[in-house]
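In: build the 3D model from these lines:
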Amino acid sequence: MSEASFTLNVPDAEIELLQKKLALTRLPDELDEAGWDYGVPLADIRRLVARWQDGFDWRKAEAEINHLPQFTRDIDVDGFGTINIHYIHQKSIVPNAIPLLFVHGWPGHFLEVRKMLPMLTEASPDHPSFHVVAISLPNFGFSEAPKKKGFAGTQYAEVSNKLMLSLGYNEYVVQGGDWGHLVAKTLAVRYGHKSVKAWHTNMAAAGPPSFWTHPFRFLAFLVTPWTAAEKAGLAHSQQFELKGSGYFKEQSTQPQTIGYNLADSPVGLLAWIYEKLVQWTDGYPWEDDEVLTWISVYWFSRAGPAASVRIYYEVMGSAGVGAIVGTKYSSIPLGLSYFPKELMVVPRLWSRTIGNVVYESEHQSGGHFAAHEQPEALAADVRSMFGKGGPAFGVVPGKNGYA
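Out: Next up is the predicted model:
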């Protein structure tokens, strides 16, 4: 499990191949005044492809990524052999900083943590500091992919926990959204009160409380009126299910089929993910080079962009929707941050069923990629939860985050 320093250096041949493929792009037609009704507008893709071909500097983006402290390490996974894992490890100068594992989802990657790193690792008498580990999950970024079927939530949690233990963090906390929510919840259930001491998520995925599992919350649910924000959140969630969830069906049932498009066509990959970057955020002002850096990480990823969508098939095949909104529960402290344009926005009485909720924060703006869209707000929530006076202060013995 020896650690190796990692420097991103995409071979020139891979960049040349990308340019050749972009030059051979054949774009579809578009109906008059289609807007976003049918998917990503043709004008957006035409502009981004032109920029990707002429103007976008991957080597510049690569150099900026390499400013981050990156490493790889072999992790043994039960039944799956050894997988080489890529991760960021940004330590604070505060010796007793709180070890924090940041877990991304799809279509995110390890760079989602980039804006929050200086905020979380900053030393200050006013808030706690963290040693931050941002994993590239297997199949994503510059981690290897498993070669066998069945690599699901349990295995993603096992890899994440073993990574933290290998770094000497025998006790730590977790933050995640999207699939990072699932991994964090699985970590809490499997390793809570042992290595995992608390978790925080910006995607409170939950169904309504059941009388059999949460009788008091169920009765409260029957008589408690929804707030205006909760009503708006449910309407938003229903609209997403109606108009925005087709990708989920495809990736959770036929990931190999869509994989050919993602692996062979840079424009197919661009359109597939760009749609989510725009529609899953809350009016975030994406710059073209910002988008192209995000997509390029997928295009140049170690296992290729098709590997990343297998998580949908494996998790949904092993546990179904229960993996996301199920009743597995851990009593370790849980913090929730609510952003209005998250994909699933449910009433608080629902979200409180997923764990021992000790901290909640509601925001007026922000969407699915909170760490990238609203880094200050999300970092402030994490600081508040684990800081002095917070409900999870001192949850990691000897590591309270203050000098």
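In: Three-state assignment for the closest residue to Ala271 other than its chain neighbours, please.
Out: Spatial nearest neighbour of Ala271, excluding adjacent residues (Cβ to Cβ, 6 or more residues apart in numbering): Val40 at 5.0 Å. Yep, even glycine has a C-beta here, placed from its N, CA and C like the rest. The local conformation at Val40, judged by DSSP: H, G, I helix; E, B strand; the rest coil, is coil.
In: distance of Tyr156 from Thr25?
Out: Note on Tyr156: its distance to Thr25, by Cβ to Cβ, to the nearest Å, is 34 Å.
In: what's the per-residue pLDDT of the residue nearest to Ala271 here?
Out: Here, the pLDDT recorded for Val40 equals 98.
In: so what's the residue count around it?
Out: Val40 has 19 neighbours, counted by other Cβ atoms under 10 Å.
In: buried residues, the longest helix along the chain. List them.
Out: In the chain, taking DSSP state H as the definition, the longest helix is helix 228-243. Residues of helix 228-243 classed as buried: Glu230, Gly233, Leu234, His236, Ser237, Phe240 (neighbour count, 16 or more other Cβ atoms under 10 Å).
In: pLDDT value on the closest residue to the second one other than its chain neighbours, please?
Out: Right, Gly233. Once flanking residues are discounted, Gly233 sits nearest to Val345: 2.9 Å by Cβ to Cβ, 6+ apart. Reported pLDDT at Val345 in the predicted model: 87.
In: ok, the one 3 residues further on next?
Out: The predicted local confidence for Arg348 comes out at a pLDDT of 82.
In: thought it was touching Ser361?
Out: No. Using Cβ atoms under 8 Å, Arg348 is not in contact with Ser361; the gap is 11.4 Å.
In: what's the average pLDDT for the longest helix of the chain?
Out: Averaging pLDDT along helix 228-243 gives 86.
In: hang on, the earlier thing: higher neighbour count, Tyr156 and Thr25?
Out: In terms of neighbours (other Cβ under 10 Å), Tyr156 is the more surrounded of Tyr156 and Thr25; the figures are 25 against 17.
In: which residues touch that one?
Out: Residues near Tyr156 by Cβ atoms under 8 Å, 6 or more residues apart in numbering: Leu137, Pro138, Trp179, Leu182, Val183, Thr186, Ile311.
In: what strand or helix carries Thr82?
Out: Thr82 belongs to strand 81-90 when elements are defined using DSSP states H and E.
In: mind listing what's buried in that strand?
Out: Of the residues in strand 81-90, Ile83, Asn84, Ile85, His86, Tyr87, Ile88, His89, Gln90 count as buried by neighbour count, 16+ other Cβ under 10 Å.
In: what of stretch 274-288?
Out: Tyr274, Glu275, Lys276, Leu277, Val278, Gln279, Trp280, Thr281, Asp282, Tyr284, Trp286.
In: strands of this structure, start to end?
Out: For the chain, the strands defined by DSSP state E cover 3-5, 70-77, 81-90, 98-103, 130-135, 172-176, 196-201, 333-338, 356-362.
In: dump those strands to a markdown table, plus mean pLDDT and distance to Gln53.
Out: Output for those, formatted as a markdown table (pLDDT from 0 to 100; distance: least, Cβ to Cβ, whole Å):
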| stretch | mean pLDDT | distance to Gln53 |
| --- | --- | --- |
| strand 3-5 | 96 | 33 |
| strand 70-77 | 98 | 28 |
| strand 81-90 | 98 | 28 |
| strand 98-103 | 98 | 33 |
| strand 130-135 | 98 | 31 |
| strand 172-176 | 98 | 35 |
| strand 196-201 | 98 | 39 |
| strand 333-338 | 97 | 39 |
| strand 356-362 | 96 | 42 |
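In: helices of the stretch 251-400 of the chain, start to end?
Out: 255-264, 266-279, 288-299, 310-319, 322-325, 348-351, 370-373, 375-386 (DSSP state H, counting those that start in this stretch).
In: closest to Phe6 out of the ones you listed?
Out: Minimum separation from Phe6 across the helices of the stretch 251-400 of the chain (Cβ to Cβ) falls at helix 288-299, 13.5 Å.
In: state the mean pLDDT of that closest one.
Out: Mean pLDDT, computed over helix 288-299, is 98.
In: could you say what helices and strands it packs with?
Out: The contact analysis (3 or more Cβ pairs under 8 Å, 6 or more residues apart in numbering; DSSP states H and E) places helix 288-299 against helix 42-53, helix 58-65, helix 266-279.
In: which of those helices is buried the deepest?
Out: Highest mean neighbour count among these (mean count of other Cβ atoms under 10 Å): helix 266-279, with a mean of 20.
In: contacts for that helix?
Out: By Cβ under 8 Å, 6+ apart, the residues outside helix 266-279 that reach it are 18, 21-22, 25, 27, 36, 39-40, 44-45, 48-49, 52, 107, 244, 247, 258, 261-262, 284, 286, 291, 294-295, 298-299, 305, 368-369.
In: mind saving the C-alpha coords of that helix as PDB?
Out: Below are the C-alpha coordinates for helix 266-279, written out as PDB (Å, rounded to 0.1, in the frame of the first residue of the first chain):
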ATOM      1  CA  PRO A 266     -15.700  13.500 -27.400                       C
ATOM      2  CA  VAL A 267     -18.700  15.500 -28.600                       C
ATOM      3  CA  GLY A 268     -21.100  12.700 -27.300                       C
ATOM      4  CA  LEU A 269     -19.300  12.900 -23.900                       C
ATOM      5  CA  LEU A 270     -19.500  16.700 -23.900                       C
ATOM      6  CA  ALA A 271     -23.200  16.800 -24.600                       C
ATOM      7  CA  TRP A 272     -24.000  14.000 -22.200                       C
ATOM      8  CA  ILE A 273     -22.300  15.700 -19.200                       C
ATOM      9  CA  TYR A 274     -22.700  19.400 -20.200                       C
ATOM     10  CA  GLU A 275     -26.500  18.900 -20.000                       C
ATOM     11  CA  LYS A 276     -26.100  18.000 -16.400                       C
ATOM     12  CA  LEU A 277     -23.600  20.700 -15.500                       C
ATOM     13  CA  VAL A 278     -26.100  23.300 -16.700                       C
ATOM     14  CA  GLN A 279     -29.400  21.800 -15.700                       C
END
